[in-house]
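**Student:** I'd like to go over a predicted model; first the sequence, then the structure.
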Amino acid sequence: MSDYVKELQAWIIKRQPNTRPPTKQEVLATFLGVQSFVEESIEAGYNLKTIWEYLTEQKYISFRYETFLRYVKQYITTVPKPCTTNKPVEEKQNVSRKISGFSFDAKPSKQDLI
């Protein structure tokens, strides 16, 4: 991680007063600051719980594990969408069926009215 990112993370954590919880924007900014570290750790084979514990103990992040998992899923883990194959659409045969039952005619014939 670059020194600038570490400095930014420390500033965000320091800026957060102890009396109020951090805002979503602050938490997201903190996560995005360590995103490259998390990606490298995942590629190295480390468990997400271990990564979160390390970052929390080193005071790089200060949010819950559930939030960490949500951001990992949203910003790092991308599930490839299933590929849709273009299946040829089967043309329906023009089968004229006589509709049984009631049918409304807006212009009735005079024979029906008598």
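**Tutor:** Sure thing, it's come through.

**Student:** Stretch 33-49: which residues count as buried?
**Tutor:** 33, 34, 35, 37, 38, 41, 48 (16 or more other C-beta atoms under 10 Å). The C-beta positions use only the backbone N, C-alpha and C, and glycine is treated the same way.

**Student:** Report how many residues lie close to residue 58.
**Tutor:** Residue 58 is flanked by 11 other residues according to other C-beta atoms under 10 Å.

**Student:** Contacts only, for residue 44.
**Tutor:** When contacts are counted by C-beta atoms under 8 Å, 6 or more residues apart in numbering, residue 44 is found next to no other residue.

**Student:** Report the separation between it and residue 70.
**Tutor:** Using C-beta to C-beta, to the nearest Å, residue 44 is found at 22 Å from residue 70.

**Student:** swap in residue 28?
**Tutor:** With C-beta to C-beta as the criterion, residue 28 and residue 70 are 10 Å apart.

**Student:** returning to what we had before: kindly present the buried residues of stretch 33-49 as a markdown table, with separate columns for pLDDT and secondary structure.
**Tutor:** Formatted as a markdown table, those follow (pLDDT from 0 to 100; DSSP: H, G, I helix; E, B strand; the rest coil):
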| residue | pLDDT | secondary structure |
| --- | --- | --- |
| 33 | 91 | helix |
| 34 | 93 | helix |
| 35 | 93 | helix |
| 37 | 93 | helix |
| 38 | 94 | helix |
| 41 | 94 | helix |
| 48 | 95 | helix |
